[in-house]
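Undergrad: Quick one: sequence and predicted model below, then my questions.
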Amino acid sequence: MEWVTTSTVLAGLVASDNDAWRDFTGRFRQPIVRFARSLGLSGAAAEDVAQETLIAFADQVRRGRYDRARGRLSRWLFGIAYRQALNERRAGARRAARTAPADSHLVDSLPDEQSATRTWDRLWERSVLEQCLQQVRGEVDPDTFRAFELVIRDEKSPADAASILGRPVKLVYNAKHRVLKRIRELRAELEELI
């Protein structure tokens, strides 16, 4: 798998490059869907919100409206996604009121922006980490990645991980260090704009 920086993706969006659109949606769709779901939207509605958010963002990038000096890409996407999700929630509440007037008093309570921002930040961080882990998994040998997983995800001691793998403890320490270092490098590349 080829690692593409966010700057490259954005430049491709400006040029209306189909590969850039595919990279862009592959990178940013899932955190937007998860965010919309956290606001109470159905799977289909969350997918719609993600699509509308990505289209709106790409349009703004092509028009030169995204200015990294005014804020991080993740914040820009959050603003668009939040507005799209709120619009979808309101439209859903209106549809529900038309079909079940007796329940119209149950208009969705919308999370405040501060709460939504915390949720977005958590989901965004998770997405960035997942992207980095996926890339590292493809770059290192399976034993190296497995040693890392045993120590970090499964919370095994390096000695226990070494025993499970049938490898020296030093290999486990080196694997953990190597994978964490590479994750930090990849994260820095992703965080260049986001």
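TA: Nice, thanks for sending it over. No experiment lies behind these values; they were computed from the predicted model shown. Numbering: from 1, shown residues only.
Undergrad: ok, then the element right after the lowest-mean-pLDDT helix or strand in the chain?
TA: Using mean pLDDT, DSSP states H and E, helix 6-14 stands out as the lowest-scoring helix or strand of the chain, at a mean of 67. Per DSSP states H and E, the first helix or strand lying C-terminal to helix 6-14 is helix 18-38.
Undergrad: can you give me the offset of that next one from its chain's centre?
TA: Distance of helix 18-38 from its chain centroid, counting by Cα atoms, centre = their mean, to the nearest Å, is 7 Å.
Undergrad: One more: stretch 125-145?
TA: Counting by Cα atoms, centre = their mean, stretch 125-145 comes out at 14 Å from the chain centroid.
Undergrad: what's the domain layout of the protein?
TA: Domain segmentation of the chain under automatic domain parsing yields 6-116, 140-194.
Undergrad: Go through those domains and find the least confident stretch.
TA: Confidence, taken as mean pLDDT, is least for domain 6-116 of these (a mean of 79).
Undergrad: From residue 170, how far out is residue 69?
TA: 46 Å (Cβ to Cβ, to the nearest Å). Using the backbone N, CA and C atoms, a C-beta is placed for each residue, glycine as well.
Undergrad: quick one, which of these two is more surrounded?
TA: Higher neighbour count among residue 69 and residue 170: residue 170, with 10 against 4, using other Cβ atoms under 10 Å.
Undergrad: May I have the phi/psi pair for that one?
TA: phi -60, psi -40 (degrees, to the nearest 10).
Undergrad: On the C-terminal side of the one helix or strand residue 150 maps to, identify the next helix or strand.
TA: Residue 150 belongs to helix 142-152 when assigned by DSSP H and E. Helices and strands here follow DSSP H and E; after helix 142-152, the next one along the chain is helix 158-165.
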